Structures are given as C-alpha cells and as structure tokens.
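Participant: sequence below, structure please.
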Amino acid sequence: MRVKDRLKQIHQQAIQDAQNARGLSKRVTEAAKGHYDDVKGRINWSAVSKQVGLPLIECLKRFDGASSGIKRRSFPTHDDWTKNEAEVLQGFVRKHFRNPTTRDWELVGNYMNVDKLDCLKHCQIMRKFEMTDERFSEITRYREAGLTWRQIRNKFGDLWAPETIGQSYRERVRRVNRPPVDIVDRFTNDELAKLREIRLQQPGNITAKEFVRITQEAFPHKSRVSVEDACTRAMAFLRLSVKISIEGFNRLQQLVRQHGEDWELIGREMHALPSKMRNAWKGYGLDTRITTEWTADELATLRRCKDSRIPPGKTARIIGTKLPVQCRAMLSKLRHSDVDDSVLVSKKNRGWTADMDKELIRLVKIHQSSRCVDWAAVSEQIGRTAEACRMHLYIMQCERSSQPDDGLVARVSNKVKQQYEAGLKIDWSAVAGSAGVNELECMESNKYDVGKQQWVYNYQTFSWDLANRMRDFISKYYPKPLLPNFTAVSNYLWIVKDDCIDMHRLAFGTFKWTDDVFNKVVDLRSKGLSYSDIALRLSPTMSANRVIKAVSRYMNHTASEPLSEPVREQIRTNTDELVGKIPCADILPAVRMRFPDIPYGQLWNVVEGAITSHSLYKERLNQLDQAELAIRISEGGATAKQLALEFDIPTRMTRKVINSLKSAGFSIQWTNEETRQLVAFARSAKGRKDWTYFASKLGTKSPHQCQAKWSRIQANST
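Facilitator: Okay, the predicted model is just below:
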C-alpha cells in the first residue's frame, strides 16, 4: 500500500474520531443544561460527571458553551465576587491546576460559568492580601501571641497562602514606620541643578555630613529627610563616569593652559567633580594630540591591552593619542566578526598575496601548541585581525583539501596503518610530525579506514557525548560559513564517513522529510505509538509538534482538495454567528467542531481571514490607546497573544500593531545608500544576521524594517 493511501486511512480514522468527539461533546452539553442551577448561576459539574461517566476535567473540556444556550456571567471587578464564589474559584484552581495555562483558564471559566479573563483577574488580585486597619491590628495581636503565619492564614480562611499574608503585613509595617508624605518635601529639578552648582563650588574633599549641612543652610524650609535624599541624588549624578569626547578633551586642554591644574575651577567650568577632571587628564599633556584614524601600531597595542585585560581608560593612556571613549568604540567593533583590517585601518590593496600566505603558515606553525594556535601573536606579527587570519587559513585548508597531494596521502595513510596494525590508538600528533604537516591536514588526507566503527541512530542507546565531540571539532576547525570536511571528521572520530554525515544531519542539521520517513510514521502510528514516541525514533532533536505539522502539510498537499467557494462561505457564516458571543480565541475551536472533516490548515486560513476583517474587531482595535500599547510593549514586554487575549481581538491584529509600533518614528522609504549598506552587511554577515546591531548602526530604520527589506530583496532576486 502506498504512503498516500495509508495516510488517507489515517485521515479517515481522524475524521471518525472527530465525529465521536463531537457526539460526546453534545452529550456533555445536554447533561450540563439539565444540571444548571438558576439560583447559583453555575452548573453542577459533579452531577454531570456522574451522568456522563467521565472525569470532571474531561467534561469541562468537552463542554460547548456556544451551543448550550447558558449565558456566561461577568464579574469584571473584585466587588462582584461574593465570598462563596471566591472560595469555590480558589479551591477549584488550587485543587486541579498548579500553574494554569490559557487552556486551563478556559476550563475554570466553564466550571464557574464566568468569563475566563474575569477568573484570571480575580485570582491575580487574590494573590495579594488586602491589609486593612482592622486586619493589621488583628494580625499584630496574633503575632504577639506567638501564632505562625499558617495558623494566622487559617483565621482568615483558605483563600491566601501564608507567605502572601506575611508579605502584605511586612509592607504595611514599612509604610507605618515611614515618615508621612507631606513632611518629605522633595526637591524640584531646578533646585537639584542649583544644589549641584553648590557642590561644585565647595572643596573637593568635603564630607557627606558637611554637604548636608551646607544644603540645609541653603534650603532652610526643606526637611532633613528631603535634604539627605537630594544630596544623595546630586552626588550620584556628579559621580557618573565622565566620557569626554574629543571636543571635551580640547576644552579641558584649553582650561589647563589657562588655569593650570586648578581642578576645582576646571570642574566648575566643565560642570563635573574636580576628581573626575583630574582623572580624565591623567596620562595626557598640553602637547597631546588626539587623532580619529587608527593606525596598525595603535590597533596592535589595543589588542595586547585587551588580551592583558587592561581597562579602556588605561589603554587610552598607553596609546597616548586616543581617548577612553574611542578605545571602547574600537573594542566593540573588534568583537564583531564581520569587521576586518580593511575597515579598521585606512590602507588600500589589502588582499592576501602568495608571500603573505607563506608567512601566515610559518607563523601558525611557530605559535601552535598541541591543537591550539595563539592567534593574537599571529595577528600582531602579520598586521591583520585574528579573525581574518584564522578565516584565511581555513579557506586555504579547504582549497588544499579539495585537491590533496598524492604523496602526502600516501605518507599519512601508511603511518596510520602502522599504528592501527600495532594495536595502538591513532596519535595524530605523531602522524603530523612524521608527515611534516599539521594534524588537521593529516586527518583530511588519510584514506586508510580499516576498522572504523559504524554508527546507526538508535533512540535507546543514543548519547550526546559523541555528537558533542563532533560539534566541538567542527566548530573549532570549520566555523561557518565553511562546510565541514567529513573525511577529517571521520578520521577524528574513527567512524565511517557516511555515518558521520548522518549523525551531523540528525543532531545538528536540517531533517529531510522523504516518502520513506512518512512511510515509517504511518507504520508507527498504525502500531499505536504516540507522536512523541515517533519523534524520538526519527531524530534526537525532533519534537511531536514538528511531526504533526509535517504530516498535516503532507496530507494537505496530497490527500485533500482545495475548498470550494460554497464551503468557504458556509465557514464564514458560522464564524460571523460566533463573533461577539464567545471570546475571539475560542472561535476557531468552535468552528472546527462544526467542520471536523476539513483539514486544520485550510479551516484556519478561512476563519482567520473572516475574524480579521470583521467590523467588530476593527472597532475594538481603533478604540485602543496607541500610546498605552507602546509603553506596555516597550517596558512590559507584552506579546501579541497576551494583548489579543486581554482585548479580545485576533492575534494577527495585535501582531500588526506591535510591528507598526516598533517601526514608529522611522521612514518607510529606503534610500540608495541605506539599501547599499543593508546589502553589504547581509552579504558579509556570517551565520545568523544581527539586525538589531545593524539597525543601531544605521540609525534610520528599525530591526523589523531591515529584516523585511532584506527578505524582499532576496525574493525579487530569485
């Protein structure tokens, strides 16, 4: 039987299961309607569970509130909840859910017959114990009597955790001991600026008590608490490290020529503490000339200081022609792998010549110990960055390994054969010494593979130790974008080359979905295995969701026909009937229960398009405060799904709002220069592109705009 036919059988079985689930949902819904209590406004779910013969949680999952006709209650505020309702809610959540998810809150809403967001808000409010004056006095008496927090919790019922009551009590104690707000007369911004001027006019060695006394005399109407707070804030502002620019240093140099090293006077002129100005001048002189261009000698000195972990301030004084802020900026550039000497040093014709290639190989042999190379020393002597030297050597090795020397292959293979026949473990350092090349070249040249082990993926015996050894070896000798030489990997692990390729593909590469893989999935599903077990048998990095999505895509492309327009219109009609009656997040599951025969992907496209274009959700979106959303997204880190659940609108709308707010303030038009810089960065970036770094470097576009622009360029070029 073909894979397509077997997938059709599984699809038909899934349709039958969906129909059975729909019938069971109808039974649960009818039973719930019969056990609805008009007085309590809730359903007796214990009776429903006994009647249907299912666990309580399973009944809540099967319940269809949209077709039941039972109206949901709304308790938007804390006062709407009675004590009995609150106790039932807290008890149910504490009994059945440890860390409730979004789906769990839907079940809680079904149990309480209250909107799930109201239940969620009330539980969040109940996490904090409201400490009134009466409760504070009562708890104080209990604590003086020696009661524990758990015993005190029992006095107030089982709604709060003991640590919640204790935390609220301690916060109230701190507020009681704090001075009244009307006494603390805080300084205004103008008064703080005046206070900083007063501090700069005083000697640099005055104590904190003297500063407070002087401030109290200058502001006699301020309280002691306010004065101490203002002094602390003023000194914190003045103690910030002074990052002097080139213009600031020229101004400082001019003041030193005029007034000498009178740091108190210079500090007042520069609006900084005298000690900060003295430290900024240390190591420089009146004849110092700060330059903006970096020479090769300055870069070499900077790298040596960086390797010795000398801070940028001392590094700048060692160089003599640079400021600390310039050293910090250059160190930041050196940390990015896409920066080479052509950017750092203003020299032309920086290509690698044949003599430079020979010099690089000679320096690597000199500074190589075991399997490590002192790239800092190589970089210093050859006049290139360490990253540029390392990458050029790897490119040379790849070019050399593509056409191996026959004599080298024979020498290396014979040496490996001698060690293997002698029963010894392959010592690549000894092989390299006899062949006259480094160990990596020996591994790339060896053709003797007798006795190599085989590796076949087995989920029961798989260990990451061997895979991690492969990853470390490839990361060290073949960094991206270089492709690994699996001949060297095979010789390093002493495993068959094809098996090494399979191991790398399963553990770190891209999984290939073939007909054989789908045939295996169908066979395992027919034996009753879950998708989690199937994923484990396919790859150590595979997940159940990936298997489900892959099978679903395969079925959508091979086993299903496109939806006709009458079916689409019927889906849209059912969607419109549910809009406004149930939460937006529940519309797709409800529609899916009515159309179990339609694949999920096709149904999702139609439903999502219908609710996104609905006028109700468009009006809700227009009523939102854009400024408040921007603050919540930037400071609170609110996600599109969280905002969609809170405001009851489609996730696609909130995601569009987030993307537009992130790009607010930037022009949507791209200039030729901006596009040129984008293309240059994208082509020079190694591996994953850091759009946040490029956007901050460009300064006129957001990271989202940069990524979208590059995607459009790639799409148009194909």
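
Participant: so after the strand or helix carrying Arg27, what's the next helix or strand?
Facilitator: Using DSSP states H and E, Arg27 sits in helix 3-34. Beyond helix 3-34 on the C-terminal side, the first helix or strand identified by DSSP H and E is strand 36-37.

Participant: so what's the gap between that following strand and the chain middle?
Facilitator: 47 Å (Cα atoms, centre = their mean, to the nearest Å).

Participant: what strands flank that strand, and is each parallel or antiparallel?
Facilitator: strand 42-43 (antiparallel) (DSSP bridges).

Participant: tell me which residues are up against the strand it pairs with.
Facilitator: 32, 35-37, 70, 111-113 (Cβ atoms under 8 Å, 6 or more residues apart in numbering). For the C-beta atoms, the positions are set from N, CA and C on the backbone; glycine is no exception.

Participant: distance check, Arg309 against Trp105.
Facilitator: From Arg309 over to Trp105 the distance is 51 Å, taken as Cβ to Cβ, to the nearest Å.

Participant: ok, Leu334 next?
Facilitator: In terms of Cβ to Cβ, Leu334 sits 50 Å off from Trp105.

Participant: what of Thr207?
Facilitator: Where Trp105 is concerned, Thr207 sits at a distance of 58 Å (Cβ to Cβ).

Participant: what of Thr461?
Facilitator: In terms of Cβ to Cβ, Thr461 sits 42 Å off from Trp105.

Participant: go on, Ser379?
Facilitator: 57 Å.

Participant: same check, this time on Pro76
Facilitator: In terms of Cβ to Cβ, Pro76 sits 15 Å off from Trp105.

Participant: and these two? Which one has more around it.
Facilitator: Taking neighbours as other Cβ atoms under 10 Å, Pro76 and Trp105 compare with Trp105 leading, 19 against 11.

Participant: which residues touch the more buried one?
Facilitator: Residues near Trp105 by Cβ under 8 Å, 6+ apart: 116-117, 119-120.

Participant: that one sits in which helix or strand?
Facilitator: Per DSSP H and E: helix 102-112 holds Trp105.

Participant: buried residues in that helix?
Facilitator: For helix 102-112, burial by neighbour count (16 or more other Cβ atoms under 10 Å) applies to 104-112.

Participant: that one: how far from the chain's middle?
Facilitator: 29 Å.

Participant: kindly format the C-alpha coordinates of the next helix or strand after that helix as PDB.
Facilitator: Once the chain leaves helix 102-112, the next helix or strand it forms, by DSSP H and E, is helix 116-126. The C-alpha coordinates for helix 116-126 follow below in PDB (Å, rounded to 0.1, in the frame of the first residue of the first chain):
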ATOM      1  CA  LYS A 116     -12.100  33.300  31.900                       C
ATOM      2  CA  LEU A 117     -10.500  36.700  31.900                       C
ATOM      3  CA  ASP A 118     -12.600  37.700  35.000                       C
ATOM      4  CA  CYS A 119     -11.500  34.500  36.700                       C
ATOM      5  CA  LEU A 120      -7.800  35.200  35.900                       C
ATOM      6  CA  LYS A 121      -8.000  38.800  37.100                       C
ATOM      7  CA  HIS A 122      -9.700  37.800  40.300                       C
ATOM      8  CA  CYS A 123      -7.100  35.100  41.100                       C
ATOM      9  CA  GLN A 124      -4.300  37.600  40.400                       C
ATOM     10  CA  ILE A 125      -5.900  40.100  42.800                       C
ATOM     11  CA  MET A 126      -6.300  37.400  45.500                       C
END
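
Participant: now do the buried residues in the helix or strand just after helix 116-126.
Facilitator: Proceeding N to C from helix 116-126, the next assigned helix or strand is helix 133-144, under DSSP H and E. Of all the residues in helix 133-144, those buried under the rule 16+ other Cβ under 10 Å are 135, 139, 142.

Participant: reformat these as JSON lines; add distance to Ala386.
Facilitator: JSON lines is the format used below for these (distance: Cβ to Cβ, whole Å):
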{"residue": "Arg135", "distance to Ala386": "65"}
{"residue": "Ile139", "distance to Ala386": "64"}
{"residue": "Tyr142", "distance to Ala386": "67"}
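
Participant: quick one: which of those residues is nearest to Gly407?
Facilitator: Among these, Ile139 lies closest to Gly407 (Cβ to Cβ), at 88.9 Å.

Participant: surely the closest one touches Arg170?
Facilitator: No: applying Cβ atoms under 8 Å as the test, Ile139 and Arg170 come out as separate, 10.7 Å apart.

Participant: quick one: the helices in the stretch 451-600 of the chain?
Facilitator: 464-477, 486-493, 497-507, 515-526, 531-538, 544-558, 565-578, 587-594, 600-612 (DSSP state H, counting those that start in this stretch).

Participant: can you lay out those helices as CSV showing distance to Gln418 and mean neighbour count?
Facilitator: Formatted as CSV, those follow (distance: least, Cβ to Cβ, whole Å; neighbours: other Cβ atoms under 10 Å):
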stretch, distance to Gln418, mean neighbour count
helix 464-477, 24, 14
helix 486-493, 15, 21
helix 497-507, 22, 17
helix 515-526, 42, 16
helix 531-538, 41, 18
helix 544-558, 47, 16
helix 565-578, 74, 15
helix 587-594, 68, 19
helix 600-612, 60, 18
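
Participant: got the contact list for Lys26?
Facilitator: Lys26 neighbours (Cβ under 8 Å, 6+ apart): Asp64.

Participant: cool, Thr654 as well?
Facilitator: 640-641, 643-644, 647.

Participant: repeat that for Lys425.
Facilitator: Listed by Cβ under 8 Å, 6+ apart, the contact set of Lys425 reads Gln419.

Participant: surely it is in a strand?
Facilitator: No: with DSSP: H, G, I helix; E, B strand; the rest coil as the criterion, Lys425 is coil rather than part of a strand.

Participant: okay, how far is it across stretch 74-94, tip to tip?
Facilitator: End-to-end span of stretch 74-94 (Cα to Cα, to the nearest Å): 22 Å.

Participant: swap in stretch 444-461?
Facilitator: 29 Å.

Participant: now do that stretch, average pLDDT.
Facilitator: Stretch 444-461 shows a mean pLDDT of 86.

Participant: do the same with stretch 111-126
Facilitator: Here the average pLDDT along stretch 111-126 is 77.

Participant: which other residues reach it?
Facilitator: 41-43, 45, 60, 70, 72-76, 78, 80-81, 85-86, 88-90, 92-93, 105-106, 108-109, 159-160, 583, 645-646, 648.

Participant: please spell out the PyMOL selection for the buried subset of those residues.
Facilitator: Listed next is the PyMOL selection for buried residues among the contacts of stretch 111-126, using 16+ other Cβ under 10 Å:
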select buried, resi 42+43+45+60+70+72+75+81+85+86+88+89+90+92+93+105+106+108+109+159+160+583+645+648
